[in-house]
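**Q** below is the structure, and that's it, no one-letter string:
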């Protein structure tokens, strides 16, 4: 007589099929075969990064396609490698062909795999797994927090004052191009992990060496690229940083800020528009306006 329970093998097969189809339906992964490949590579690498005991516990809650490579990794001790090294290992283990020249594409595939894993894994075991990883790994475990291009540009548009003629796409492109010149290439690449595909392009395309220019030149370059008045450049930059702040982990944003002098700090903060005699705002922005 049936007890109403689903045999583990049947449950895993059904979950495996659903999992691979879900991942294959995402933009970075184009087939169930590619989905299988990225899941296996991601879970094998994850198994090397966490303890053997946690890998075993997590594997017990997953379909075989994810559980087997996790179990088979069997490191004696968790290897302490960075997110960038994690991504590189996964990329080396897949045969994915990338028509794109975007080096962040492997991260998108890992996100797709881990999003799917999150729908079938035990929540407690997944949380325990994440507890063994640095905060930088949050970006591949929480893709639901990622904005798409349209949402990002919407935040920038909301922050742009009415006096600025540049649109959100132009403002974003210019600000990120100049930022990529000012911070290290490694930091630009790390920041790019958190941003939507089109938005991040200036960061991943940049091959400029770090240039130690000051805040005034930073804003002058933005004004030149967007053809706006120099006096409007701080507001434009703040609007773009609004979008970055909404997209990026606090830890990563602080890493960017530490590469810039203190005089840049106000550009990371939204501002409140000046008030007229009735107490009403003269513009449609919020935060602290530069004096």
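**A** Looks like it arrived, so ask away. Only a predicted model underlies this, so the values are computations on that prediction, with no experimental measurement involved.
**Q** ranges for the strands of the chain?
**A** Ranges of strands in the chain, per DSSP state E, are 271-272, 287-288.
**Q** lowest mean pLDDT across the ones you listed, which one is that?
**A** Mean pLDDT values for the strands of the chain show the minimum at strand 287-288, a mean of 34.
**Q** give me the number of residues near the nearest residue to residue 63 once chain neighbours are set aside?
**A** Of all residues beyond its chain neighbours, the one nearest residue 63 is residue 16 (3.7 Å), with distances taken as CB to CB, 6 or more residues apart in numbering. (Glycine included, C-beta is placed from N, CA and C.) Counted with other CB atoms under 10 Å, the neighbours of residue 16 add up to 20.
**Q** pretty sure residue 16 is touching residue 64, no?
**A** Yes - when contacts are counted by CB atoms under 8 Å, residue 16 is listed as touching residue 64 (6.3 Å).
**Q** now residue 172, nearest residue through space, not along the chain?
**A** residue 240 (5.2 Å).
**Q** mind giving me the domain ranges of the protein?
**A** For the chain, the domain assignment from automatic domain parsing gives the residue ranges 9-145, 149-288.
**Q** centre of the chain to the first one, how far?
**A** Averaging C-alpha positions (CA atoms, centre = their mean, to the nearest Å) puts domain 9-145 16 Å from its chain's average.
**Q** next: the last one.
**A** A distance of 17 Å separates the C-alpha centroid of domain 149-288 from that of its chain, computed with CA atoms, centre = their mean.
**Q** who's in contact with the closest residue to residue 232 other than its chain neighbours?
**A** The shortest distance from residue 232 to any residue other than its chain neighbours is 5.0 Å, reached at residue 164 (CB to CB, 6+ apart). When contacts are counted by CB atoms under 8 Å, 6 or more residues apart in numbering, residue 164 is found next to 171, 228, 232, 235-236.
**Q** and of these, the nearest to residue 220?
**A** Within those, the smallest distance to residue 220 is 11.0 Å, found for residue 228 (CB to CB).
**Q** what number of residues lie near residue 42?
**A** Close neighbours of residue 42, defined as other CB under 10 Å, add up to 28.
**Q** looking at it, it is touching residue 87, isn't it?
**A** No - assessed by CB under 8 Å, residue 42 is found out of contact with residue 87, at 9.7 Å.
**Q** okay, and the common contacts of those two?
**A** With CB under 8 Å, 6+ apart applied, the overlap between the contact sets of residue 42 and residue 87 consists of residue 110.
**Q** how near is residue 268 to residue 93?
**A** Residue 268 is 37 Å from residue 93, where distance means CB to CB, to the nearest Å.
**Q** next: residue 44.
**A** As judged by CB to CB, residue 44 and residue 93 stand 7 Å apart.
**Q** skipping adjacent residues, who's closest to the spatially most central residue of the chain in space?
**A** The centre of the chain sits closest to residue 194, judged by CA atoms, centre = their mean, with a distance of 2.1 Å. The shortest distance from residue 194 to any residue other than its chain neighbours is 4.3 Å, reached at residue 248 (CB to CB, 6+ apart).
**Q** count of residues packed around the one you found?
**A** The local packing count at residue 248 equals 23, with neighbours defined by other CB under 10 Å.
**Q** next one, pLDDT for it please.
**A** 85.
**Q** one more: the one 3 residues further on?
**A** Residue 251 is assigned a pLDDT of 80 by the prediction.
**Q** looks like it contacts residue 135 (just checking).
**A** Yes - taking contact to mean CB under 8 Å, the distance of 5.1 Å between residue 251 and residue 135 places them in contact.
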